[in-house]
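J.: Give me coordinates for this.
(one chain, ligands or ions: 2)
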Amino acid sequence: MPTLLARKGVALSIRKGQHIRVTNTHGKQVVDFWAFNPSDSHDYLSTVHSRRMLSNVSLRKGQSLYSTRRKPIVTLVEDTTPGIHDIILPACDAERYRMLGATDYHDNCHDNMHGALREHCPDFKVADDWVPDPFNMFLNVAIDHDGSLHLRPPTSEKGQYVVLRAEADLIIVMSSCPQDMTPINAGQPADLEYAVFDDASCSREASSSISRSLTRPTSPKRVKVAISFDFDAVSGWLGTGCHPDNNMADYSSGIFAGQVGAIRLLNLLKKTNIADKVTWFIPGHTIETFPASVQKVVESGAEIGLHGYSHEGIYQMTSQQESDVLDKCIEVATKLCGGKKPRGYRAPLYTIRETTVELLRRHQFLYDSSLSHHDSEPFWTPADPPIEKIDFSKDASSWMHPTPIRDPKDLNPFASNPDIHPLVEIPCNWYSEDMTPLHYFPHVNNSMGYVSTRVVEQMWKDKFMWLWENAPGNNEEAHDEFDSERANDSADFVFPLLMHPDTSGMAHIIGMCERMIDWFKGFGDSVQFHKHEDIAKEWLAAQKAKQSKDP
Ligand SMILES: [Zn+2]
Ligand SMILES: [Zn+2]
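T.: Residues are numbered from 1 along each chain as shown. Ligands and ions are numbered 1, 2, ... in the order given. Next up is the predicted model:
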């Protein structure tokens, strides 16, 4: 297989329909990539036109890059890397290295392009000193919420590769970027390999012959995005949000959620085709106070889960009241869903205690979604005794002992504990939701509400990208992070996001929800939307299968 030497460039002709595979032989090496139409000097790969045509600043598998004539020029047909490439930055040049402090000549992609064309395609003339902006294969440029760009080491590992299909007869130029003064090549420019094939299947076959020592086993990512909506409405002001000063204006914002916010979100879900792939946790009070809106939620095909009656905080109720509330909510939701009993529960404001878990097990719930022992994997809902609080009126020796936390194996009915009802936990907490940062409550400690949606959006994307780059499916070391019981065979990771009609139904926030949904869709088949119920069922099935295979 031909080698593209570190710090050097190469140029070659490729016919329409042929494929070029570029292998990141040693990992973490950026390639500047150009494509020219040999018979039209004004037609070449244009990153600015590609950005416009894609309405995006990156390229995903299945998408094309475009020419100055707005025609597809190459298509990314295969990508075994985590999918981070760049179409924003220019090629490095002598001036760039001078600005970084180089006093002597430094190899650069600008000169490499001209040198490669002169050496390999001498008949193809380009203007002296002209270099179009390249497609920066493997370059990792993170965009912050304020639009600032951060250059990071590439995410591509040893042996990972991309395959591009030529959409026209082309002259292609590649430069193994010699940048060693910033981290974009992880500090050490390296060789790469490339090969041209007549069709994609050849490129896949040949790729399997890459020596094993170079190839880290990778499979396409599978991420399950678990979007849920807690339909608090007026109930939010009655239970956890109760306060003697609550007045008509406070309740008014709850009525907005019931009559306006929920409908806006339902329309967004319909427009993005995911209405039947999400879960709504609806308090009994909302079901009975806003029947028309709630009926539309049911008709959307969404899953309905429980969320208290009046959004009661667990600290506000006796055990008996807690049990009575759950009974009533099961009854109301079962009637709403034409006899189908709800299978999932989320505690209002995540206020859950050991008695709640016992009740959920007694009522044979499939899952709860109020805890965060893990942030991106389902796990067994715990069954530990309450953690003891410190009594500072006593001697220090009275509290200095460890807290017993049960081994997850003990909660696995398919392993060591056949008597326990299997109760799956789908993680959720403050950092997965819109309301804490984006909603103002006059009487709630730490209530915010004037945070930019871009801050929240960026936090969610940062979390997603860290998991994308580090989740167990692509990272052997990560398998030890929790323990073997944790491994979720039905996805590389689960990504919970919680929104409220009260909050995300507001006109300055709902655009963020739409941007997030579109962003997830940009990952193609690797990222799918699922109801909580389906994620819990599949995880349970995977645990069962694992146990019968490896008892
Ligand atoms: Zn460069
Ligand atoms: Zn709530």
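
J.: What are the contacting residues of the helix or strand Val298 falls within?
T.: Secondary-structure assignment from DSSP states H and E places Val298 in helix 291-299. By C-beta atoms under 8 Å, 6 or more residues apart in numbering, the residues outside helix 291-299 that reach it are 231, 258-259, 262-263, 266, 280, 282, 286-287, 304, 336-337. Heads up, the C-betas are built off the backbone N, CA and C, glycines and all.

J.: redo that, cut-off 10 Å
T.: If you take C-beta atoms under 10 Å, 6 or more residues apart in numbering as the criterion, helix 291-299 is touched by 229, 231, 233, 257-263, 265-267, 269-270, 275, 278, 280, 282, 286-288, 290, 302-304, 333, 336-338, 340, 501.

J.: buried sites along that helix?
T.: In terms of neighbour count (16 or more other C-beta atoms under 10 Å), helix 291-299 has its buried residues at Ser293, Val294, Lys296, Val297, Val298.

J.: Output the helix or strand following that helix as CSV, nothing but the C-alphas.
T.: Moving toward the C-terminus from helix 291-299, the first helix or strand encountered (DSSP H and E) is strand 303-306. Taking only C-alpha atoms (Å, rounded to 0.1, in the frame of the first residue of the first chain), the coordinates of strand 303-306 have been written out as CSV:
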residue,chain,number,x,y,z
GLU,A,303,-44.5,6.3,26.2
ILE,A,304,-46.3,7.6,29.3
GLY,A,305,-44.5,7.3,32.7
LEU,A,306,-45.4,8.5,36.2
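
J.: taking the mean pLDDT, what do you get for the next helix or strand after strand 303-306?
T.: Toward the C-terminus, strand 303-306 is succeeded by helix 319-336 as the next helix or strand (DSSP H and E). When pLDDT is averaged along helix 319-336, the result is 98.

J.: how far does the helix or strand that helix 319-336 is followed by sit from the chain's center?
T.: Scanning forward in sequence from helix 319-336 by DSSP H and E, the next helix or strand is strand 344-345. Between the mean C-alpha point of strand 344-345 and the mean C-alpha point of its chain there is a distance of 23 Å (C-alpha atoms, centre = their mean, to the nearest Å).

J.: helices or strands next to strand 344-345 in the packing?
T.: Counting contacts by 3 or more C-beta pairs under 10 Å, 6 or more residues apart in numbering; DSSP states H and E, the secondary-structure elements packed against strand 344-345 are strand 279-282, strand 303-306, helix 319-336, helix 354-362, strand 367-368, helix 532-549.

J.: mind giving me the domain split of the chain?
T.: For the chain, the structural domains run 3-214, 223-384+407-549, going by automatic domain parsing.

J.: Let me have those in CSV, adding distance to Phe392 as columns.
T.: Listed next are the domains of the chain as CSV, based on distance: least, C-beta to C-beta, whole Å:
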stretch, distance to Phe392
domain 3-214, 42
domain 223-384+407-549, 20
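
J.: looking at these, which is closest to ligand 2?
T.: Proximity of the domains of the chain to ligand 2 was assessed by C-beta to the ion; the nearest stretch is domain 223-384+407-549, lying at 3.8 Å.

J.: for the closest one, the distance to its chain's centre please.
T.: Going by C-alpha atoms, centre = their mean, where domain 223-384+407-549 is centred and where its chain is centred differ by 16 Å.

J.: cool, stretch 134-147 as well?
T.: Between the mean C-alpha position of stretch 134-147 and that of its chain there is a distance of 17 Å (C-alpha atoms, centre = their mean).

J.: where along the stretch 151-300 of the chain do the helices fall?
T.: Across the stretch 151-300 of the chain, reading from the start of the chain, the helices by DSSP state H, counting those that start in this stretch fall at 200-207, 235-238, 248-256, 262-271, 284-289, 291-299.

J.: Pick the most buried one from those.
T.: Per residue and on average, the most neighbours among those fall to helix 235-238, with a mean of 26 (mean count of other C-beta atoms under 10 Å).

J.: ok, is that helix in contact with ligand 2 or not?
T.: No. Residues of helix 235-238 contacting ligand 2 under C-beta under 5 Å from the ion: none, with a closest distance of 5.9 Å.

J.: which secondary structure elements does that helix contact?
T.: Against helix 235-238 (3+ C-beta pairs under 10 Å, 6+ apart) you get helix 248-256, helix 284-289.

J.: residues from this structure in reach of ligand 1?
T.: Counting by C-beta under 5 Å from the ion, the chain sits next to ligand 1 at Cys92, Cys109, Cys177.

J.: Tell me which residue in the stretch 451-551 of the chain sits closest to ligand 1.
T.: For the stretch 451-551 of the chain, the nearest residue to ligand 1 under the criterion C-beta to the ion is Glu469, separated by 22.4 Å.
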